[in-house]
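Visitor: need the 3D shape of this:
(chains A, B, C, D and E)
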Amino acid sequence: MSRIGVFICHCGENINGTVDCAKVAEAASRVPGVSHSVDYKYMCSDPGQSMIKEAIKEKKLTGVVVGACSPRMHEPTFRRACAEAGLNPYLCEMANLREHCSWVHEKSEATTRKAVDLIKSMIEKVKLNQPLQPIKVPVTRAALVLGGGIAGIQASLDIANAGHQVIMVEREPSIGGHMSQLSETFPTLDCSQCILTPRMVEVAQHPNITLHTYSELESLEGFIGNFKAKIRNKARCVDEKLCTGCGMCAQKCPTKKISSEFNAGLGMRSAIYVPFPQAVPNKPVIDKDHCTFFQKGKCKVCEKVCPTKAIRYDQEDRIIDVEVGAVVLATGFDVLGTDFFPEYGYGRYKDVINGLQFERLASASGPTLGVIKRPSDGKVPETVVFVACAGSRDPAKGIEYCSKICCMYTAKHAMLYKHKVHEGSAYVFYMDIRAGGKMYDEFVRRAIEEDDVKYVRGRVSRIYEEDGKLVVKGADTLLGHEPLEIRADLVVLATAGVASSGAEELAQKLHVSYDSHHFFAEAHPKLRPVETNTAGIFLAGACQSPRDIPETVSQASGAASKVAGLFSQEELTREPLVAVVNRTAPPLYSTCTGCGLCMPACPYQAIEMEEIRTRDGTVVKVAAKVNPGLCQGCGTCVALCRVKAIDLQGYTNEQIYAELMAL
Amino acid sequence: MLAKMRQKAKDLLSSGVVSTVIGYGEGSGNRVRALFIRKPDDADKLILDERCVQNLAVYLTKREVRALGRPAVVARVPVMRTIQQLMFEKQVAEGEVAVIGISPDSQVLDFPDLKSMAEYVSAIPFELSADEKAAVEKLEKMTAGERWNFWLDVLSGCSKCYACRQSCPLCYCERCTVECNQPQWVSVPSHGLGNLEWHIMRAMHLAGRCVNCGDCFRACPLEIPLNLLTQKIITDIADKFGGADEYALNAFKPDDKEDFIR
Amino acid sequence: MGKKTINVDSLGELFHKIKSGGKRILAPVEKDGVILFGEVASYPEVATGYIQTVFSAKEAVLPRFEEILRFSSEGRDVVIEEESNKPVPTVVFGVRPCDAKSLSVIKAVFERDYPDIFVQSKIDSTTVIGLSCVNSDEYCFCTSVGGAPGDTAGSDLLLTRINDANYLAEIITEKGESIVSSAPELFSEAGNVDKDRHLAQVNRQFDLDELEKRLPALFESPLWAGQSLRCIGCGACSFVCPSCTCFDIQDETDGARGIRLRCWDSCGFAQFTLHTSGHNPRGVQSKRWRQRIMHKFSYQPGELGTAGCVGCGRCSRACPVDMNILQHIKDILEAR
Amino acid sequence: MTKIGYYPGCSLLGTAREYDESLRAILPRMGVELVDVPDWNCCGASSAHMLNHELSLSLPARILSSAENKGITDMLVPCAACYNRFVMTIHELNEDSKLRARVADITGLDYRGTIHPLNILEFLEKRTDAVKAATALPFERNVACYYGCLLVRPPTVMKFDRSEDPRTMDDLMSAVGANPVDWAFKVECCGAGLSITSPALVGKLSGRIIENAVKSGAEAIIVACPLCHANLDMRRSAINKAAGKKYTVPVLYITQAVGLAMGLKEKELGLHRHLVKVRFPADRGAAQAPTHAQPAADSEPAQTEEA
Amino acid sequence: MSEFEPKIIAFVCNWCTYAGADLTGTSRIKYASNVRIVRLPCTGRIDFMLLMKAFSRGADGVIVSGCHPNDCHYTSGNFHARRRWIVFKSLLDFMGIDVRRIHFAWVSAAEGAKWAEVVNSVVNDVRALGPYDGYKNLAPIAADWRIQDAG
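Guide: From the prediction side, this is the model:
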C-alpha cells in the first residue's frame, strides 16, 4: 500500500487567500494511500522543505505531493529535497494550486473543491510513479568540424584550445573557404589574406586538430556523445609526407587552360595545382578530369620534375573511421552565378560578373593582380554599374530572403574601384541599403560622400550589349521615376547567397532539418541559434543563412562553447522522461507488433527496430526500441501506438489515466 | 480462368515454391469457406466466383498457418491491397508469401514478387463505390442527434464477440488494447459505453490503414454496418490530406487545413 | 400434464392477459433483417417465418452483462450493496425446443457446486412457451443430441402448429398450467392429434454416445489443427450458443464508488486462458477449438450428465468462416 | 487531315485579315483542317478586362463552353490578346469555384475544363516536322523575332516558354531556314493600345524596337500578334518621325514567313495589305549579322520562370 | 441541485499552454473554475482515447490546447496532433457525439489572456448545452448514480 505525504502550501496569502488550505489538507488525509497530510505557510522555504524531509524519513513515505505553485517553478526544488531525504525525486509531484487555482478564481467553496480535486488527481498519479534514474550517456571528447572556412577554422581553434581533439574535414584541396577569395574585407578594408592566413596556419599546426582536406563526410551514425563518422579522403595523387610544396609540378604542367575555381572562372590553372599561394596545406592536387595522363594515358611531366618523387598516380580514396562526441556544421554558402538571370543575358555577356569575380579582379593574388580589367577585352572600365539585390528578395525567382552582406560588399567594391580608377564613374542600383553592423553605415556613407559613388535607388530591368557597351536599363525612383539608361563597361551583380552545393545531401546524412533553400535549420531562431534539433550537432556560419564574417566568427565561438560545455562532464546526464517500449515475458516478449508506424513520427529518429533473440540466438521477435540518448520525451509515439507498447516515463498511460479518473 | 488458377496452385505446390495454397472452396449451405491446399491434386477443390470475397490475408499473420511453411494466397484486389499494407507494416516481408492475383475482371495475374503486386494494386484507384459513398453521405446529412440515435440503436445489438476484429487482416496485434486492463481503456461489458468506446477505438486504429474489404461487416452475426465508420475516415483522409501518405497519422503537412482550432 | 388447443387469433388475447399479469414478454422480433429476442407488448410484433433467432433465449437467464453488486468507499472502509439484482418475472414466447432444452443445461452448470442466485432467480421467474419446429435447415441436428423438433423438455407450455388456425398446446409444468388457467376460455380440449405429422423432419446425423466414447482418445490427434486452420478466434459461436455459460467479472468504478458486472466470455478468445505469468496453456487456435468440442461433448456429459450442445446449429450459422460443427463432428467420428 | 478548333477573333477578320489568310494558306500543306468554334463572340480583349471582371470572364467562358459542347479539345487562337484572355479565364475559373458558378449562371453554359487553347507558336512548334517538310523555298533572311507581351506575361499564369527570353519563334524560323538574330527587345513593350490615344509614344517605343532590330542586322521582323503588327507596321510613319530616320524593315506574321518558305505567292499570304512594303534588298543573301549564339548550356532554370 | 455547473477537463501541453495558463495566473486574470488541467509534455502525447475517457468519466466539455504550429518544443508534436484531431473530430461527429463540447486551441506561453478567454467561452457554451447526459447514461453505473446525485 503506498504511503503518500501531501504538503499544502499557503504561499503566504497567494493560495490561502482564496483556497482553504487546511480543508484541502484534511480532505487529502482521507484519501486511501495518504499517510501524512499537512499544510504550511511557505513550503518552498527551508523550514518547509525540512518538514518534507522529516516526514519522508519518519513515515517512510513512498510518494510526495506538494500543493503549491506551478511545477515549472519549484518542481526541481522539491524533487531535490526529496532526493536529499532518500526518496527518488521522480516520486514527487506538484499540484498547481496557485497559478491554476487560487490566483485565477474567487474565494469560494468551488475554488477549494477544485484544489482538492487537483490534489487528489496528483495523489492518484504519484501512486503509479516509478523511481527513475537520470540517463547516463558516455561522451567521446572529440569534435568533428565539417567545413574549413573561417567558421570551421574559428570553431576548431576554440575547441582545440579548450583542450579537446578536433577533426576538421574540408572538401576543397585547401582550407580558407570563400574568405580566402576576398580582396579586402568591410568595414575596415583590411586584406582578408592577412587576417585569415595566420589562422589557417594555426589550424594546421595545432596539436589537437587533425586536418582532412580534399575530403568529404561519407556517413554519420550514433547519437550525442557517441557519433561514429566515416570520412572519405579523396585521392590527391600526391604523397603529402614527401611533397615539400615547391610548386615545380604546377609550373611545368603542360595543361594550363583549366578555369580556376578559386578565381571564380576568371583565371586559369594547371591540371596539378595548388588553389592559391597561401593554401594550407600547401600540397598540390591532380584534377583527374583535365589531367592528360588520366584522360589519355600519357604525359607524366609532373612525376618527372618532382624533386621528391611525391607523385602517386595510383593513389586510391581512403575511408577513415572516427569517433566523435559532437559535430559542428560549418559548410558555408555559395554565390549565385550570373547565368541565373535571363534579363541580364543568361551569363552570355563576359563583362557581367558577380561579386566573387569582382573580388578576384580586385585581389592582388588574382588573375589581374589587382587591376580592375574587363574580362572581355582587358581594358580598364570607365563606367561600372553595381546591381544590388540580384536574385535576393525576389519571390518570382524563388529567393525571397535578403542575403544580408551584398549591400556592404557592393559599397566596398565601388570604393575599391574608385580607389584604383579615380576618374572612373561607379553606379550602384539598390532597393534599400542594409548596413546594420558596427561601423557599417559609416562605411557606406564614405563610399557615397568621399568616393563619389552614385547610388541610384531603382531596379535594373534589363542589360544588353550594344556597340561593345553594356546598356543597363533601370529607373531612378527617387528622382521622378524617369527611366535611366547607363552605357557601362562592366556590370557587377551582387547575386544572392545560396546554400553550398551538396548541403541537402549532407543534412540528410546527419538527419538535420533544413529549409526550402537548403540552409540548415537552427533549434530555435532566437534562443538556440547555434544548435540543431538533433542533439550533439551544432551550427556555425553561413550554412544557416548568409551572414558576414564578424557574425560567423562569433557564432563559431558560440558553437565551440556549446561543444566544450558538452565535453566538460564525464558523462551526459539527461532527464529520464523518455519513451520505453515494453518487454514482457515469453512467448509474447513485447506487446509491440513491430509495425514500425511510430518511427517516422519521431522528430529525433530515436526509434529503431531491435531483434529479440533467445539465448541460443534465434530471433523470436522484431520489436521497436527507443534510444534513450536521442529521445526528448515528446510522447508523440506513445499516443500513436495502437497497441500501447510504448510508454513515456513520467507520463505513462496508467498515470495519466489515473490522474484523469481522479478529477 | 478457374482452370488457370488451379493449375497455378498445382505448379506452386508441386514445385515446392509454397507448402500451402490458401483459396476458396465450397462450404456448407450456399456458403464459401477458406481452403488450405497442401497437395497439388487437391487444388481442384479451389473455386472462384462472386461469393469468394473473404479477405484471406487474415491467415497470413496467424502463427499456425505460417508454421505450415510458405503460403500462397488467392488474392482479389482488396486482398492484394491488404498484403501491400501488411508489407508496409513489416508483418509480411518480400518472399514470405506468394500471390495468385485475380484482377477486377477475374483474370489470373502472375507477380514475380510482392513489390510488383504492390505496384499493380496501387495503380488501381482506391475509392469507395457509389453506394458506399451514398451511405456515408446519407449519414452525414443527418443532424447530430439523428446520427447519435442511429449509432446507439445499431450498436446496441453488439455483444462484443469481436468477430469484426478477428476477421480483419489488419487487426493482427497479439494483445489488442481492448484486452489491456492496466489501464482499462475500454469497458469490457457490451453496454452502451463499452460498445461505443470499442467501435471508436477500432475505427481510429484502422484510420489510414483500412482497405475497405468489408469483411468486418460480413463477419458480424448481426451485420452491423460498422464499416461505415472506416469508410467515413477513408473519405476524410482522401479529401483532407490528399490520400498520398503511406500512413496518414504519422505524417503531416505544415499547412494541413482545418477550420476548428482557435 | 394435458393437451389443449388454442386458436392463432386468440394468442393476442393471451399476450394481453400475460401483460396485465405484470409479466414481461420476450419473443423473437425482426430488427434490420435479423431475428432476435426482444421485449414485445403485443402478439403482432412477434416475428414469424424464420428457423432460428441469431442469439438464443439464454439471455433471459444469463444476460450479456448483469449487475452482481455495488460498492462505495468511505475513507478506509468499503460498503457493499448486494440486493440490487431483482429479476423481472418474464414469459419467453417462441422458444424452439432445442433452446428450451438448453435452459436445463444452463441450470445444471449453475447448480453444480454452489447455487448461482442470479441464474437461479431468473430461471424461477421465467416461464417458457415453446414453439415446435415446423421446418429446419441443414444446420439443425437436435435429434442427434437427444432432442427433437417437438421435444417438450425445458418448455412449460409447448405450442405446435397443427393447422393454419390452431396450435396444439401441451402443458408440461405448473407454470404452463398457470398460463392456461389464467385464460381458460382461450383453450379447448385437444382430441388425439398426431403431433409428429406437423413437425419438421430432422434425421439423426451421428451417435452422441459413440462421439462421447471416441473423443478422449483424440486429445492429441492432429485433426484439431486441420479443422481449426480457418477459425479466426472470435467469440461469435460462444455468444450465440444457447448452452455456453462462460462469463467474466468486471469492476467499473467512478472515483469512490463502483459496480461489479458479470458479462459473457468465450473460450475462443486467445487471451481467455492467459496466465499473469505470460504463459497460455491454450495459446493456439487448435487447442481452443478442441476445448470447445471436448467441453460440450466430453467434459460436460461426464461431469453433469448432459451434453453441452442442443443441436440448434446457431454456431455454424453465425460463424464468419463457416466452421460447421456438424460436419466437424462427422469428421471426428470417421477419424482413426 | 487532323482537325483542330479555330477561334479567329475580331482582328483576324478585320484589321489583321492577312494573318487569317496566311494561316488558312499554310495549314492544308501541314495536313491540318480548321473547325470554327460555333457562334463565337468577342473575347472582351483589354476593354472588358478594364470595365467589369465578371464580364471579362464570361465572354471567353461562353466561347470555351460552346467549343467544348462541339467536342473541340485543342483550339488554335492565333491572336495573342484572345489567347491571353482564354488562359487567364481558365486560370481564374479553376481557382475560384464560386466565381465559376457565377460565370456559368451568366453564360447559361457549364464550363467543364476539357478544352485547351493553343497560341500559334505552341501550335506550330508541335508540328515543326510538318513545317520543315513543307519548306520548298528556305526563307534565308536575318529575322528579329518579336514576341510582345501577351504571349508570355504574367509568367505564373501563361506558363509559355521563357518569359524574359523566349525561343519558340526563333526555333521555328531556324526550321524554315531563316537566321534569327540576337537582339534585346524580344519582349519589350510596343505601346499596344496606346497607339490610339497617344501615337507619338507608340512611335518612340516601337521605334526603339525597330532600331534595335535593324542594328542587330534584321532584314525582317516576325510577329505573332495583330497588335504588335499594327504598331510596328501601321505606325511606321510615327516611328520614322520619332527616330528621325526612314526604316523600311518589313514586318511579317510568322504564318506569312512560313508561307513564303513554303513558296506560296504574296497575294495568297496577304502581304499586299501591309503598309510597309514587303521587299528585301535583292543583293543581300544571308547577311553577316552575329548569329544568335545559342547559350552554351541551356542554363535557363525553366522552373524559376514558373515559380 | 443549484444551477448546472459544467465539468470541463483540459489536456494541455507543458511548454506552451500550461505556461500560458501560468501567465494567466501571474497576471491575476480571473476565469471560470470549472476547468481541471491535465499536464502532458506535448499535444502529440494526447491520445484520442483520453478525450473519450474524459467524457465517460462525466466531463461535460473537453479542451485540448498546445503550441501554435512551428512553435512546438519538439518541432512536430502539434502537427501530428492536428492530423489526429482532424480525423478524430470528424469520426466523433459522424457518430453523433456532440463535438460542440470539444474545443481545440493553440495557446502560446505568452497568451495568458487568450487562455482565460478560451476557458470562459467553453464554460459558457457547455453550460448552455447542459450536462452531457447522452454520454453519461451509456454506462449503467453512471446512469443510476447521477439520479442519486440529482435527488
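Visitor: ok, now which ones touch the spatially closest residue to residue C:81 that is not a sequence neighbour?
Guide: Leaving aside its sequence neighbours, residue C:81 sits nearest to residue C:70 (Cβ to Cβ, 6 or more residues apart in numbering or on different chains; 4.6 Å). C-beta coordinates here come from the backbone N, C-alpha and C atoms, glycine included. Contacts for residue C:70 (Cβ atoms under 8 Å, 6 or more residues apart in numbering or on different chains) come out as C:80, C:81, C:84, C:257, C:258, C:259, C:260.
Visitor: for residue E:51, same thing?
Guide: E:11, E:62, E:64, E:88, E:102.
Visitor: switch the cut-off to 7 Å
Guide: E:62, E:64, E:102 (Cβ atoms under 7 Å, 6 or more residues apart in numbering or on different chains).
Visitor: so what touches the helix or strand hosting the second one?
Guide: In other words, residue E:64. For residue E:64, the host element (DSSP states H and E) is strand E:61-66. Contact with strand E:61-66 is made by E:6, E:8-13, E:16-17, E:35, E:42-43, E:46, E:51, E:54, E:78, E:81, E:85, E:101-107, E:118, E:122, E:126, as judged by Cβ under 7 Å, 6+ apart.
Visitor: returning to that earlier point: out of the contacts of residue E:51, which comes closest to chain C?
Guide: Closest to chain C out of the contacts of residue E:51 is residue E:62 (17.7 Å), distances taken as Cβ to the nearest Cβ.
Visitor: returning to that earlier point: neighbour-wise, which of the contacts of residue E:51 leads?
Guide: Counting neighbours by other Cβ atoms under 10 Å in any protein chain shown, residue E:64 leads these with 27 neighbours.
Visitor: name the element residue B:149 belongs to?
Guide: With DSSP H and E as the test, residue B:149 turns up in helix B:144-156.
Visitor: that helix near chain C anywhere?
Guide: No - Helix B:144-156 lies out of reach of chain C by Cβ under 7 Å from any Cβ of the partner chain, never closer than 7.7 Å.
Visitor: ok and the residue in the stretch 201-336 of chain C nearest chain A?
Guide: Nearest to chain A in the stretch 201-336 of chain C, going by Cβ to the nearest Cβ, is residue C:278, at a distance of 3.1 Å.
Visitor: now do the strands in chain B.
Guide: Listed in chain order, the strands of chain B (DSSP state E) span B:20-26, B:32-37, B:71-75, B:98-102, B:108-110.
Visitor: check the offset of the shortest one from the chain's centre.
Guide: Going back to what we said before, that points to strand B:108-110. 21 Å (Cα atoms, centre = their mean, to the nearest Å).
Visitor: what comes into contact with it?
Guide: With Cβ under 7 Å, 6+ apart, strand B:108-110 has contacts from B:1, B:4, B:5, B:8, B:100, B:101, B:102, B:103, B:120.
Visitor: from the centre of chain C, point out the most distant residue.
Guide: residue C:75 (43.8 Å; Cα atoms, centre = their mean).
Visitor: now it. Nearest residue, chain neighbours left out?
Guide: Per Cβ to Cβ, 6+ apart, closest to residue C:75 is residue A:30, 5.1 Å.
Visitor: just residue A:537 next, same as before
Guide: Residue A:537's closest residue in space is residue A:327 (Cβ to Cβ, 6+ apart), at 4.7 Å.
Visitor: just checking, the one you found is part of a helix?
Guide: No - if the criterion is DSSP: H, G, I helix; E, B strand; the rest coil, then residue A:327 is strand and not within a helix.
Visitor: next one: residue C:294 from residue C:304, what distance?
Guide: Distance of residue C:294 to residue C:304, given as Cβ to Cβ, to the nearest Å: 14 Å.
Visitor: how about stretch C:235-245 and chain B, touching?
Guide: Yes - using Cβ under 7 Å from any Cβ, a contact is recorded between stretch C:235-245 and chain B, made by C:235, C:236, C:239, C:240.
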